[in-house]
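Asker: the amino acid sequence is not available; the structure is as follows:
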């Protein structure tokens, strides 16, 4: 038997670890560092030398006293909680119904509900932008006008009379349509791997479809429910891409339509205050890391880390 | 008949199953299909409507909003204007000429680059995690999962700062190439954690006796990996490549931050810009651009949906 060469694992891991180091580890450290500098206008040479806790003081003050930042905080909380519920319960409902359907009806539905996830974000934003457009050519306005429900068009995302709820509803809808497919796929494939005998046994005992769902199917999805909930929670806290353009194009109110992650992005790239943005980002890092560690524990990912096979 | 129980295909059509169990109906049932089909269908209406309106509008003389689809005039005019790069007809004679081919090529370049980087790095790393024993393996795997949960937005500020700093070191004539390279690497890095896990799952599923015996016969680890293991995970690599390609193809944030600031346009930033000039925007052209942008992903997805759904669902084991 030939002697294995010194650590072949290092060779196989090197490219991935290199990218991880350059694009995760270094930026993480740098980002926290930047949050303690008064960086402005990306002028690294001028500002990176000074250290200050001014950004955090400002941020704390703004959260407490700046109504706009207060709106962002409230929007983030409502958005994460509501979209999470929609994603998990909607995904479960979709998975169960497509599972209980005949295949030739179920397959087109499953493909259809994956579409938003497969759609380029700019196109997806464009479709919703047009759907909620404020003049009479917007889809929602046009439908409601022709049904006679209203007599003049409404700017859904920005009308002061409808805020903040209309902006929140738009955010939840836009992200919900993307989010449910994750739960659907995970739950559906879990349902498919339940031994058919369990279903047959329940049917032989005279279980109705509802009882089948309630006492046989859903209990087997317990682990997957936890997994999807935790995973979606982590994603929702930090995603903003799908609403980035809607806010940029003015389809939703700038503050009631911004989540914390989008606020970080916009502070960094549309205003010049990168130090403040980095401080806001660091808060996200702390929350994300904490949630991540909890997720590892709760989900027991160690169960997926079987010992390697095929080692000599 | 009872003997045939274990042999029933799970994915089998309803008809087949009924033949086998004439007295025990499991799922699915016809009436249930009807009720659930209608319910899900109702929830799907907005989704279908959005896509239909987008595609129809790309052929119409104005943006279609629903009830009016029969009154519009349809032609290939928007597509012609798009391909000629004449995008703002509403602004009179002030056409801004833009080369669509370059925009599409830029988008393709980012997507292809991300695909190459993601496939290469995660196939290698996935193999190491699946087959090799080394110190800190478990910690490293946990760490990689954590990375996936990690807020990308928190990093992009520093990733951009590094970019600004490094741009000063790049010779002037190589700047455009460097912008692309940096965008591709940064975007690929976002996909790496999940991709490694996906590939590890695929490697875990193949028996290792063959590679083991090849190594006993004196083949090097690298050769075994290349000639024996890789051919067995081809479906996994295909799924991974499609995911990576779509990620690069659809990306908005990274191309916005790294390429758009340098005047390089992709389909995403192009749509962003066309709609952004709302006073002059002629939305049917944006709809045409959007449809063009959407087309490959839909074709890709419909052609490979079985593979992709499997890969997505298979990454999770309860």
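Answerer: Structure's in. What do you need? What you are looking at is a predicted structure, and each value in this text was computed from that prediction instead of being measured. Numbers count the residues shown, from 1 in each chain, chains lettered A, B, ... in the order given.
Asker: and residue 164, what's its pLDDT?
Answerer: Picking chain A for this. Residue A:164 carries a pLDDT score of 88 in this model.
Asker: not what I meant, chain B
Answerer: Per-residue confidence (pLDDT) for residue B:164: 90.
Asker: and what of residue B:194?
Answerer: In this model, residue B:194 carries a pLDDT of 88.
Asker: what's the answer for residue B:9, then?
Answerer: Reported pLDDT for residue B:9: 43.
Asker: residue ranges with poor pLDDT in chain B?
Answerer: Applying pLDDT under 70 to chain B flags residues B:1-29, B:87-97, B:278-280, B:313-318.
Asker: residue A:216 reaches residue A:207, doesn't it?
Answerer: Yes. Counting by CB atoms under 8 Å, residue A:207 is a contact partner of residue A:216 at 7.2 Å. C-beta: built from backbone N, CA, C; applies to glycine.
Asker: check which helix or strand the residue of the stretch 101-250 of chain A found nearest chain B maps to.
Answerer: Nearest residue of the stretch 101-250 of chain A to chain B: residue A:189, at 2.8 Å (CB to the nearest CB). Assigned by DSSP states H and E, residue A:189 belongs to helix A:165-192.
Asker: and that helix, what does it pack onto?
Answerer: Judged by 3 or more CB pairs under 8 Å, 6 or more residues apart in numbering or on different chains; DSSP states H and E, the packing partners of helix A:165-192 are helix A:67-100, helix A:103-118, helix A:121-131, helix A:222-238, helix A:241-248, helix B:283-314.
Asker: need the winner for burial among those helices.
Answerer: Greatest average neighbour count among these goes to helix A:121-131 (a mean of 25), per mean count of other CB atoms under 10 Å in any protein chain shown.
Asker: tell me the mean pLDDT over that one?
Answerer: 93.
Asker: likewise stretch A:59-77?
Answerer: Here the average pLDDT along stretch A:59-77 is 91.
Asker: same check, this time on stretch A:168-187
Answerer: Rounded mean pLDDT across stretch A:168-187 is 93.
Asker: number of residues surrounding the closest residue to residue B:146 other than its chain neighbours?
Answerer: Leaving aside its sequence neighbours, residue B:146 sits nearest to residue A:292 (CB to CB, 6 or more residues apart in numbering or on different chains; 4.6 Å). Using other CB atoms under 10 Å in any protein chain shown, the number of residues around residue A:292 comes to 20.
Asker: and residue A:292, how far is that from residue B:186?
Answerer: Between residue A:292 and residue B:186 the computed distance is 21 Å (CB to CB, to the nearest Å).
Asker: elements contacting the helix or strand that contains residue B:112?
Answerer: Following DSSP H and E, one finds residue B:112 within helix B:100-131. Judged by 3+ CB pairs under 8 Å, 6+ apart, the packing partners of helix B:100-131 are helix A:8-20, helix B:137-148, helix B:175-205, helix B:234-250, helix B:267-276.
Asker: can you give me the offset of the first one from its chain's centre?
Answerer: What that stands for is helix A:8-20. Helix A:8-20 has its C-alpha centroid displaced from the chain centroid by 29 Å (CA atoms, centre = their mean, to the nearest Å).
Asker: next one: the helix holding residue A:189 to chain centre, how far?
Answerer: Distance, stretch centre to chain centre, for helix A:165-192: 9 Å (CA atoms, centre = their mean).
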